[in-house]
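> Predicted model follows, preceded by the sequence.
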Amino acid sequence: MKSNFSTFISGLLFGLGLVMAQMTDPLKVLGFLDVAGNWDPTLALVMVGALLTLGIFQWFMRKRLKQIQDTDRDLLVSPKAKIDVKLIAGSAVFGIGWGLSGFCPGPALVSLTSGFAGSYVFVGAMFTGFFVFNRLHRDR
Amino acid sequence: MTYLTVLSALGGGALIGLASAWLLFFHNRTAGISGIAAGILPPWHQDIGWRLWFLAGLVFSAPLWKLLGGSVQIRIDTPLIVLAIAGLLVGYGTRLGGGCTSGHGICGNARLSLRSLVATLLFMTTAGITVFIVRHGF
């Protein structure tokens, strides 16, 4: 129960960060992706803020980080994992969806409580995409 | 870009970084939203409790922000059918690629994972090309 509350807080902080930085606004995100238009660098600054903060925590906790990495259950973003066709194809496909909508998974979920039909349609389709993947790649 | 936008972007980013560090060091988990969300669907290999709680926190953040007096700006001008296609591509693509903007873009890159750097450069590029085609034509 205590652990569940702690992960709830983590999700809450993550969402507050997205909202504060206006990353829940698809038009703002598209403004970053549209380098040929009136370019909006906000998303890059959000990444800088997040990477610096996480990087500082990781540096102070570097011994603990190494322990975690050595017994990593989640190899998908690990420095030890290999670059393969799945990574290339999946990332390329994700980018096309992101560019069409201005939504990536986090902001889309945070936008759910604002009551826009577009949010429901996107999130519903996204979970359908997850489901299709789980069915096609059962072994993974 | 105003001074306030710069501050809110860096501050929002810092909160995201803090949340990711929290999940990493208290729970040994990567704050990859696509992975956490997809994990609540079958087949259930591992416990889904913490995922549901994390997602609940994520979804509750917007109402809390409004309660604190903030405004949540969401402007969607994409047709619903395009959003449906985009959602499918994002759902399938992030699972095949093993991460999204949070998992690869923030957590993986912060761990200096080459795999995540490649993923990030790739999805930024295909997203940029897609927006260029949609907004400016060929």
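Received it, and whenever you're ready, just let me know what you need.

> So what touches stretch B:59-74?
A:11-16, A:18-20, A:22, A:24-26, A:28, A:109-114, A:116, A:119 (Cβ atoms under 8 Å, 6 or more residues apart in numbering or on different chains). Just so you know, the C-beta spots here come from the backbone N, C-alpha and C atoms, and that holds for glycine as well.

> Keep only those that also lie close to chain B.
Filtering the contacts of stretch B:59-74 for proximity to chain B (criterion: Cβ under 8 Å from any Cβ of the partner chain) leaves A:11-16, A:18-20, A:22, A:24-26, A:28, A:109-114, A:116, A:119.

> Let's see which of the contacts of stretch B:59-74 end up in helices.
Among the contacts of stretch B:59-74, DSSP state H puts A:11-16, A:18-20, A:26, A:28, A:109-110, A:119 in helices.

> Same list, those, but as CSV with neighbour count and pLDDT please.
As requested, those are exported to CSV (neighbours: other Cβ atoms under 10 Å in any protein chain shown; pLDDT from 0 to 100):
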residue, neighbour count, pLDDT
A:11, 31, 98
A:12, 22, 98
A:13, 24, 98
A:14, 31, 98
A:15, 32, 98
A:16, 26, 98
A:18, 31, 98
A:19, 28, 97
A:20, 24, 97
A:26, 27, 98
A:28, 21, 97
A:109, 27, 98
A:110, 28, 98
A:119, 24, 98
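
> any idea which of the residues you listed is the one closest to residue B:1?
residue A:28 (11.1 Å; Cβ to Cβ).

> do stretch B:43-53 and chain A meet?
Yes. Stretch B:43-53 reaches chain A (Cβ under 8 Å from any Cβ) through B:43, B:49, B:50, B:51, B:53.

> where does chain A dip in pLDDT?
Across chain A, the ranges flagged by pLDDT under 70 are A:1-2, A:72-75, A:138-140.

> All set now, cheers.
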